[in-house]
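*Asks:* pasting the sequence and the predicted coordinates here, then a few questions.
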Amino acid sequence: MTIKFSEEKLNAVKELIARYPEGKQKSALLPLLHMAQDEFGGWLDVPVMDYVAELLSIEPIEVYEVATFYSMFNMKPVGKYMFEVCQTGPCMVNGSDDIIDYIKNKLGITVGQTTPDGMFTLKTVECLGACGYAPMMQLGKTYREHLTKEKIDRIIDECRKNASVNN
Amino acid sequence: MAIKLLLENAHIEGIRSYDVYRKHGGYRSVEKAFKMTPDEIVEEVKKSGLRGRGGAGFPTGLKWSFLAKPEGVPRHLVCNADESEPGTFKDRYLMEFLPHLLIEGLIVSSFALNSNHTYIYIRGEYAWIVDILDQAIAEAKNNGWLGKNILGTGFDCEIYVHRGAGAYICGEETALIESLEGKRGNPRIKPPFPAVQGVWMRPTVVNNVETLAAVVPIINNGGEAYSKIGIGKSTGTKLLSACGNINKPGIYEIDMTCSVEEFIYSDEYCGGIAKGKKLKACIPGGSSVPILPANLLLKTAKGETRIMSYESLADGGFATGSMMGSGGFEVLDEDQCVVRHTMSLARFYNHESCGQCSPCREGTGWMYKILKNLEYGKGKMSDIDLLWDIQRKIEGNTICPLGDAAAWPVAAAIRHFRDEFEWHVLNPDESQKRNYGLAHYADPIHVPAAVG
Ligand SMILES: Cc1cc2nc3c(=O)[nH]c(=O)nc-3n(C[C@H](O)[C@H](O)[C@H](O)COP(=O)(O)O)c2cc1C
Ligand code: SF4
Ligand code: FES
């Protein structure tokens, strides 16, 4: 994979940098890392981070230390679909433990693992601001709320279908 | 009927779009504010008695008046939309369904503080809300409310949404500022305060989403009218995000005179405890505030009815009271285990500690480990005292209040539910069944008054 944004993306990068005062282009680091992660395979490999450093004219180490601080940046490859299930108090009292166990059994993986076909990764996360709609998980850019076992079944089917359509 | 200032129009179809929002009186406060001087707006906010809705409850007008104004140095308003305190999901609701209300409040506040570049720092997981806000900003700009020389006033303003990437600590205002500068979210040592040296070392005001939205009704109706709603120093209305074991979880706007009992049991709000269970305990203001057992929740230690105001929720201090905090209202029913719940929160704080100060970095890890042992039947009686000792040593000894926020829930759980911890030690085999029950914490003969 060549690590380079398209012209269109590069214009977006320029627009992002222009939001911050001159000389403070480092402020665009988090937005750029999000873009890079979306674009280059769902995680931040070292060459990807180096590319971001180059775009912002900062040292690679400045990117590494930031990327490793934030939980949304993946430091190793993840599945095509990542189930990020919230396990904090308000979700817990509404059955998130059972949902996590159900997903583990259904996919045959434990927390932090990816299915052998590279399709699903299961991750537990802390409160995502959906406590009233518990149990819940993040899937890509959206939230899936009021989870039940049946709903998990449907989501898994939906992901498999989407994957086969997109291939 | 409750007074609604923020959510008044939330039910209107299409209110997310500019045209509908404008038709229902949107952006009037900007027109009004532009006829005032910035100082007059700050005065109006002071008069309103508005207190910061992010958790600390600091008077907003006063905070604004502290903003330094050195010659030739730009100033910035930053909206804190990091919303990550467990139990709290109200800002999300405002941004998702009433994005223009926030943008309107931001324009007025930016004018008052002379911020030409205003930023909304939003938690990274709210990715779809970024699109909603971006669209609202674009609409506002197309209609002349943002950009250069707005409505011919000579005031320029741009609003940008800046997406975080998963870190509770970035809700702390100096960590947020660091993060906005593209760094790790490590809180700064204060002073200097953001009002003097904030983002890019420029004077900065950081305010919560709900705080900035509340500026709209304050300017529309006047600070004095706003201050007459509520009670004591709890003026205006407050959004609560209700969750846990209740029939109607969701977002409610209250004036702060309603009783806790009414809030939990009335159909207008939480609709009572789910599945006909009994109330055991409640964390009334987000995970950082002390948990209260049912008896102390509904009535203060003095036997007075507890109401949903800053003062009443805090009545009794930490010994027998709690706090309004962020308004994340979590209810636990009789089946919930306080040890397990506290363990979950300890894991949260351990996960979210930025690691700069050892009492917080190490202490949150120890607390989580000890609580895990207790919960899984491997605890000793002396662990309970050890836990108490650790939380005492974290509190007040850290750079930022996350240390306190991690200590308080543990302290309150031991203070009010010590026998539940002891029960776990004495019954290791049963300790995971999670159903220690009500014991003496709830008033079992409690019949909700005035509710059918
Ligand atoms: C660990 C920690 C997390 C916080 N998270 C948030 C948050 O998510 N949103 C928020 O508005 N304030 C949060 N705060 C409070 C902010 O530091 C700050 O007081 C607030 O944004 C000020 O706005 P206000 O005066 O309008 O409440 C947090 C504070 C701490 C110590
Ligand atoms: S108290 Fe915790 S979160 Fe706050 S600065 Fe210290 S280590 Fe970081
Ligand atoms: S506790 Fe799960 S979303 Fe808040």
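*Replies:* Yep, it's here. Numbering: from 1, shown residues only, chains lettered A, B, ... in the order given. Ligands and ions are numbered 1, 2, ... in the order given.
*Asks:* neighbours of B:Asp315, just the number please.
*Replies:* 18 (other Cβ atoms under 10 Å in any protein chain shown). All C-beta spots, glycine's among them, are computed from the backbone N, C-alpha and C.
*Asks:* which residues are in contact with it?
*Replies:* By Cβ atoms under 8 Å, 6 or more residues apart in numbering or on different chains, the contact set of B:Asp315 is B:Thr300, B:Ala301, B:Lys302, B:Glu304, B:Arg306, B:Gly321.
*Asks:* of all the residues you listed, which two lie farthest apart?
*Replies:* Spatially, the most separated pair among the contacts of B:Asp315 is B:Glu304 and B:Gly321, at 11.4 Å (Cβ to Cβ).
*Asks:* looking at those two, which has the bigger crowd around it?
*Replies:* Neighbour tally, B:Glu304 and B:Gly321, criterion other Cβ under 10 Å: the higher count belongs to B:Gly321, 22 against 10.
*Asks:* surely the more buried one touches B:Ala314?
*Replies:* Yes - between B:Gly321 and B:Ala314 there is a contact under Cβ atoms under 8 Å: 5.1 Å.
*Asks:* and which of the contacts of B:Asp315 is nearest to A:Gln25?
*Replies:* Taking the contacts of B:Asp315 together and measuring to A:Gln25 by Cβ to Cβ, the closest member is B:Gly321, at 47.6 Å.
*Asks:* how close does the closest residue to ligand 1 within chain A get to B:Arg92?
*Replies:* Residue nearest to ligand 1 within chain A: A:Gly129 (8.9 Å; Cβ to the nearest ligand atom). According to Cβ to Cβ, to the nearest Å, A:Gly129 stands 5 Å off from B:Arg92.
*Asks:* the two: which is more packed in?
*Replies:* A:Gly129 (27 against 24).
*Asks:* next up, the contacts around that one.
*Replies:* B:Glu83, B:Ser84, B:Thr88, B:Phe89, B:Asp91, B:Arg92, B:Arg123, B:Glu125, B:Tyr126.
*Asks:* try 6 Å this time
*Replies:* Contacts for A:Gly129 (Cβ atoms under 6 Å, 6 or more residues apart in numbering or on different chains) come out as B:Glu83, B:Phe89, B:Arg92.
*Asks:* of the residues you listed, which is the nearest to B:Glu8?
*Replies:* Nearest member of those to B:Glu8, counting by Cβ to Cβ, is B:Arg92, at 18.7 Å.
*Asks:* buried set for the helix or strand containing that closest one?
*Replies:* Assigned by DSSP states H and E, B:Arg92 belongs to helix B:90-97. For helix B:90-97, burial by neighbour count (16 or more other Cβ atoms under 10 Å in any protein chain shown) applies to B:Lys90, B:Asp91, B:Arg92, B:Tyr93, B:Leu94, B:Met95, B:Phe97.
*Asks:* looking at those residues, which is nearest B:Glu172?
*Replies:* Among those, and counting by Cβ to Cβ, the member closest to B:Glu172 is B:Asp91, at 15.4 Å.
*Asks:* contacting residues for the closest residue to that closest one other than its chain neighbours?
*Replies:* Residue nearest to B:Asp91 in three dimensions, not counting chain neighbours: B:Val209, with 3.9 Å by Cβ to Cβ, 6 or more residues apart in numbering or on different chains. Counting by Cβ under 6 Å, 6+ apart, B:Val209 touches B:Ala81, B:Asp91, B:Leu94, B:Leu102.
*Asks:* would you map the helices across the stretch 301-450 of chain B?
*Replies:* B:310-313, B:317-320, B:338-352, B:358-375, B:381-394, B:402-426 (DSSP state H, counting those that start in this stretch).
*Asks:* hmm, the last one in reach of ligand 3?
*Replies:* No - using Cβ under 6 Å from any ligand atom, we find that helix B:402-426 stays clear of ligand 3, coming within 13.8 Å at best.
*Asks:* most packed of the helices of the stretch 301-450 of chain B?
*Replies:* Burial of the helices of the stretch 301-450 of chain B is given as mean neighbour count (mean count of other Cβ atoms under 10 Å in any protein chain shown); helix B:338-352 ranks first at a mean of 25.
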